[in-house]
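Enquirer: Below are the sequence and a predicted model for it; my questions follow.
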Amino acid sequence: MDRVIVVGGGLAGVRAAEALRSKGYEGALTLVSAERHMPYDRPPLSKAVLAGDSDDTTVDADWDALRCDLLLGERATALRLAEPGRGGTVASTAGDLPFDGLVIATGAEPVTLPGDGHQHVLRTIDEARDLRERLTEGARIVIVGAGWIGAEVATAAAKKGCAVTVVEAADTPLAGAIGPEVGALTAPWYAEAGVALRTGVKVAAVEHGGLALAGPGGGERIDADEVVVGIGVRPALGWLDGSGLLLERGVVTDGSFRTVTDDEAGAVRPDVVAVGDCAAWWSGRYGRRLLVEHWDTALNAPDVAAAALLGQDAAYDAVPYFWSEQFGRMVQYAGDHTRSERLVRRGDPSGRKWAVAWLTGDRLDAILTVDRPRDLVQARRVIAAGTPVDPDAVADPDVPVRQA
Ligand code: FAD
């Protein structure tokens, strides 16, 4: 392999470039990224950058040592594939880029709402800087979505003395991510921070100066100086339409991030891998496809994707992990609870430090911790090993989380 193109300059793209070189790839390497900035980290955007504590989150990579050509501010527009294993061409705003190995790492884009009013989203550093300027004392900030991003923006805005309202369609915050029962445990944090939380409210449109709500009453408006929309993201796959790759919610891959064709053969393309927020990868551990939109996967999975592209044996078997910093708390999650049998509380959720664990029989499926980082580390190890636990011990915050 002598010409590898990485499309996407987020963390997954950078880590793929680093991993290719560290695994001995010596050929030409080009990274194409739609943003004009040097690749940077996104988690601080809704935390330190909004708070005004940081303005630069550039990823610390040695581009000279990587011998990687950076095409910044350039966008891939289409993908034309040759026979499997024979590469193809990325059409881009910088011209045609032939390759014999391709890494797709185009991440995800925020979902927006209908309406003519201005809506802030928070995916890029430019968007974070713009929003930060508007979080001034007394400004009426209305945030749509009480998910991870919504909660973090609310935290920053409330700290700056804004009048913050969060509008959520579900009955609790974080219902989609961690379920309504656990999501409800975070609802009091909003009031405590002086943030008005309105759940079960559907937005019809973003209008000039506020939101129009949907629903039986109709016609209700919430006035706002700024509207921030944090209702989720979708993989950035538009440029792959008609490429012949199988696309579902993300780019479909096997357990090594190798893509698959969308024809009857459904052949694996060993010369094209997809990784990070844009990839829907096969998890042998969970026996289904996962699309994990979190930093830890963007950091670690490219190692496996790069190995696969170079023809080395590799499979990704990590337990999903993420964190969020909201309302003065560190929230961490590891595992996957979607098929769990039951939930166990570990400590009192009305207190400052607690956790919940999801179990199936005597197996620990997942844990969510609030300011209990040690629980997280211990549980993550147990989940990864798949060893049995004593459910009564898991429910006791004074006992370490460990194998029974
Ligand atoms: P991205 O970071 O989205 O990078 C993709 C890049 O590809 C972008 O630069 C994009 O412009 C570029 N691109 C897209 N299309 C094209 C194209 N056609 N041609 C060329 N380039 C293209 N995760 C956590 O676990 N914990 C957190 O606390 C946390 N906080 C977050 C806070 C914010 C505000 C955001 C936005 C994300 C946060 N995340 C967090 C998620 C984490 O940042 C992402 O999972 C991670 O950035 C994914 O990396 P990626 O490289 O796959 O995609």
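Expert: It's in.
Enquirer: Per-residue confidence at the closest residue to the ligand within the stretch 301-404 of the chain, what does it come out as?
Expert: For the stretch 301-404 of the chain and the ligand, the shortest gap (CB to the nearest ligand atom) falls at residue 322, measuring 3.4 Å. To be clear about C-beta, it is placed using only N, CA and C from the backbone, and glycine gets the same treatment. Predicted confidence (pLDDT) at residue 322: the value is 98.
Enquirer: For the chain, which residues are neighbours of the ligand?
Expert: The chain comes close to the ligand at residues 7-13, 32-35, 42-43, 45-46, 75-76, 105-108, 122-123, 149, 236, 239, 276-277, 293-296, 298, 322-324, as judged by CB under 6 Å from any ligand atom.
Enquirer: Just the residues you listed: which are in strands?
Expert: The strands in this structure, assigned by DSSP state E, contain 7, 32, 33, 76, 108, 322, 323, 324 from the residues of the chain next to the ligand.
Enquirer: Buried ones only from the residues you listed, please, as a PyMOL command.
Expert: This is how PyMOL selects the buried members of those, with burial counted by 16 or more other CB atoms under 10 Å:
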select buried, resi 7+32+33+76+108+322+323+324
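Enquirer: From what I see, the residue of the stretch 301-404 of the chain closest to the ligand and residue 294 are in contact.
Expert: Yes: counting by CB atoms under 8 Å, residue 322 sits close enough to residue 294 to count as a contact (3.8 Å).
Enquirer: what ranges do the strands span in the stretch 201-350 of the chain?
Expert: According to DSSP state E, counting those that start in this stretch, the stretch 201-350 of the chain carries its strands in the segments 203-207, 210-213, 221-223, 226-229, 233-235, 251-253, 258-260, 268-274, 279-283, 288-290, 321-326, 329-335, 342-346.
Enquirer: Model confidence at the residue of the stretch 51-200 of the chain found nearest the ligand, what's the number?
Expert: Of all residues in the stretch 51-200 of the chain, residue 107 sits closest to the ligand, with a separation of 2.1 Å (CB to the nearest ligand atom). Looking at residue 107, its pLDDT reads 98.
Enquirer: what do you get for residue 85?
Expert: The predicted structure scores residue 85 at 86 on the pLDDT scale.
Enquirer: now the one 3 residues further on
Expert: Among the per-residue scores, residue 88 holds a pLDDT of 98.
Enquirer: list the contacts for it?
Expert: 79, 80, 81, 82, 98, 99, 102, 272 (CB atoms under 8 Å, 6 or more residues apart in numbering).
Enquirer: The last one contacts residue 104, doesn't it?
Expert: Translated: residue 272. Yes: between residue 272 and residue 104 there is a contact under CB under 8 Å: 6.8 Å.
Enquirer: Tell me the bridge partners for residue 272.
Expert: Applying DSSP bridges to residue 272 yields these beta-bridge partners: residue 102.
Enquirer: For it, give me its contacts.
Expert: Residue 272 sits in contact with 81, 88, 101, 102, 104, 245, 258, 259, where contact means CB under 8 Å, 6+ apart.
Enquirer: let's see 10 Å
Expert: 5, 79, 81, 84-85, 87-88, 99, 101-104, 243-245, 251, 253, 257-261, 309 (CB atoms under 10 Å, 6 or more residues apart in numbering).
Enquirer: Next: residue 296.
Expert: When contacts are counted by CB under 10 Å, 6+ apart, residue 296 touches 11, 318, 319, 320, 321, 322, 323, 334.
Enquirer: how about a cut-off of 8 Å?
Expert: Residues near residue 296 by CB under 8 Å, 6+ apart: 318, 320, 321, 322.
Enquirer: Show the pLDDT at it.
Expert: For residue 296, pLDDT reads 98.
Enquirer: any idea how far it is from residue 381?
Expert: Taking CB to CB, to the nearest Å as the measure, residue 296 and residue 381 are separated by 15 Å.
Enquirer: coming back round to it: isn't the residue of the stretch 51-200 of the chain closest to the ligand right next to residue 279, touching?
Expert: No: with contacts counted by CB under 8 Å, residue 107 stays clear of residue 279, the gap being 9.8 Å.
Enquirer: beta partners for residue 91?
Expert: Assessed by DSSP bridges, residue 91 has beta-bridge partners residue 78, residue 96.
Enquirer: For the spatially most central residue of the chain, which non-adjacent residue is spatially closest?
Expert: In the chain, the C-alpha nearest the mean C-alpha coordinate belongs to residue 293, at 2.6 Å (CA atoms, centre = their mean). Closest residue in space to residue 293, ignoring its immediate chain neighbours: residue 277 at 4.7 Å, by CB to CB, 6 or more residues apart in numbering.
Enquirer: For the strands of the stretch 201-350 of the chain, give me JSON lines that also has distance to residue 93.
Expert: Below are the strands of the stretch 201-350 of the chain laid out as JSON lines (distance: least, CB to CB, whole Å):
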{"stretch": "strand 203-207", "distance to residue 93": "29"}
{"stretch": "strand 210-213", "distance to residue 93": "35"}
{"stretch": "strand 221-223", "distance to residue 93": "39"}
{"stretch": "strand 226-229", "distance to residue 93": "27"}
{"stretch": "strand 233-235", "distance to residue 93": "20"}
{"stretch": "strand 251-253", "distance to residue 93": "21"}
{"stretch": "strand 258-260", "distance to residue 93": "23"}
{"stretch": "strand 268-274", "distance to residue 93": "20"}
{"stretch": "strand 279-283", "distance to residue 93": "23"}
{"stretch": "strand 288-290", "distance to residue 93": "31"}
{"stretch": "strand 321-326", "distance to residue 93": "33"}
{"stretch": "strand 329-335", "distance to residue 93": "38"}
{"stretch": "strand 342-346", "distance to residue 93": "49"}
